[in-house]
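K.L.:
the following block contains a protein sequence and its predicted model.
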Amino acid sequence: MNENVNLTASRPRNRRRSDWLFGVVATFGLILVVLIATFLFGQHGGEEFCPDKFTRRSFYYFQIPLLGVQVTPVLRDNTTNSLENYLITHKLVTPTSTDAPRWDLVTASSAGSKLVRGDAEILCSFLDTKDDKQKSYWHLWSNTHPEAAKVLWPAVAQLARQQLYLFVPELFELADAESDPQALSGELNRSLVRQYRRLATIQAQLGNHDATLELGNHARRHELNEP
């Protein structure tokens, strides 16, 4: 009679033990699935450009898919290229003295989603342009036309710091066609006057009065610099 009682009493204990083991295995299995899914589908990354320092950096981090919970810190690496280093070293671009430099998005991507392109990519595409020998096109141009480079790059840096990357392509087109520094200066100023006024008109139509006034002031300054 006692043996039967002991056998009956041991069954719930065995069941509880097996339930506990099953719970532990299921938990670890779920954690493993989440880790694998995070590793395969949870990586987010991209590149940023700093107009204040004319440097670049890549970034990436992981977050749990669907939940959007970030599980790693943002990791960054310096991706500044030789042209950007050259511009700073040769004082064609002067870094701004700020304790909190701004970083603008170049590109961003994540598993299973389309590439997101920031406005800074417009400038970076020129900074990365190669010639047919896979040499930096604008690095060679700056070496070949040092006086014209002193005209072009400060204007480009100014636009980047104003987040007006859309103005940049026209400046490079003009520099590619005109290497005389005085003539290039006039072309750039006329281009900037036109582009600032065009954007000022758009901002006025949108009712952004402060932006309209600021853009108009920039246009007038460049108009005064025209030869």
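P.N.:
Great, that's in hand.

K.L.:
what's around residue 191, how many residues?
P.N.:
17 (other CB atoms under 10 Å). C-beta here means a position set from N, CA and C on the backbone, and glycine is covered the same way.

K.L.:
mind checking the pLDDT average for the lengthiest strand in the chain?
P.N.:
What stands out as the longest strand in the chain, according to DSSP state E, is strand 55-64. Averaged over strand 55-64, pLDDT sits at 86.

K.L.:
so which elements touch that strand?
P.N.:
Secondary-structure packing of strand 55-64 (3 or more CB pairs under 8 Å, 6 or more residues apart in numbering; DSSP states H and E): helix 2-41, strand 43-50, strand 69-70, strand 75-78.

K.L.:
skipping its backbone neighbours, what lies nearest residue 47 in space?
P.N.:
residue 106 (4.1 Å; CB to CB, 6 or more residues apart in numbering).

K.L.:
swap that for residue 53, please
P.N.:
Nearest non-adjacent residue to residue 53, counting by CB to CB, 6+ apart: residue 95, 4.8 Å away.

K.L.:
angle of the host helix or strand of the residue nearest to residue 47 against strand 55-64?
P.N.:
Following DSSP states H and E, one finds residue 106 within strand 104-110. Angle, strand 104-110 to strand 55-64, by axes from the mean of the first three to the mean of the last three CA atoms, to 10 degrees: 30 degrees.

K.L.:
so what does strand 104-110 touch, helix or strand wise?
P.N.:
strand 43-50, strand 116-117, helix 120-127.

K.L.:
avg pLDDT for the shortest one?
P.N.:
Just to be clear, that refers to strand 116-117. 92.

K.L.:
so which elements touch that strand?
P.N.:
strand 104-110.

K.L.:
returning to that earlier point: could you tell me the least trusted of the helices and strands packed on strand 104-110?
P.N.:
Among those, strand 43-50 scores lowest, with a mean of 89.
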